[in-house]
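In: I'd like to go over a predicted model; first the sequence, then the structure.
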Amino acid sequence: MKKILAVALGALLLSGCTVRVADMTVGSTKNYNLNAGKFEKGARVTGEDKAPIVIFPLGIPNVKTAMDRAIEKDKCAVGLSDVVISQLNHAFIFGTFGFRVEGNLIIDKTMAGCENHV
């Protein structure tokens, strides 16, 4: 009986939940010229913003920070396409929670230094 209780408690402590919050065609936290006309689809990237939990949350994660981290993986990127936003909850008493943003980079070739971006 003690083994079953220990296994159940271990499974509870190691479990987590990721919930899909939103799907968007295009998303950005940056200002850019929509009429530039020289956009390219880039690599698929992920950005996260998490906060630890030790009985109580020790921070406040936010979607904007997660999206900024994803976009900033390339200096020529101005946004994301085919965006998926997920909320992460991997904590019982200890753990983390936060947001994950995934999407394909939108590369703006009109930006300085980005004309020959591969």
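Out: Okay, I see it.

In: Wasn't E115 part of a strand?
Out: No. Secondary structure of E115 (DSSP: H, G, I helix; E, B strand; the rest coil): coil, not part of a strand.

In: K3 belongs to a helix, doesn't it?
Out: Yes. The assignment for K3 by three-state DSSP puts it in a helix.

In: burial count for it?
Out: Using other C-beta atoms under 10 Å, K3 has 7 other residues around it. Any C-beta I mention is one placed from the backbone N, CA and C, and that applies to glycine too.

In: Just the buried residues of stretch 41-57, please?
Out: Neighbour counts over stretch 41-57 (16 or more other C-beta atoms under 10 Å) mark G42, V45, G47, E48, D49, K50, I53 as buried.

In: Who does the helix or strand containing the fifth one pair with, and is each partner parallel or antiparallel?
Out: Secondary structure here is read from DSSP states H and E; on that basis D49 sits in strand 39-54. Using DSSP bridges, the strands paired with strand 39-54 in its sheet are strand 56-57 (antiparallel), strand 94-108 (antiparallel).

In: Quick one: mean pLDDT for that strand?
Out: Strand 39-54 shows an average pLDDT of 94 in the prediction.

In: now that strand, how far from the centre of its chain.
Out: Computed by C-alpha atoms, centre = their mean, to the nearest Å, the chain-centroid distance of strand 39-54 equals 3 Å.
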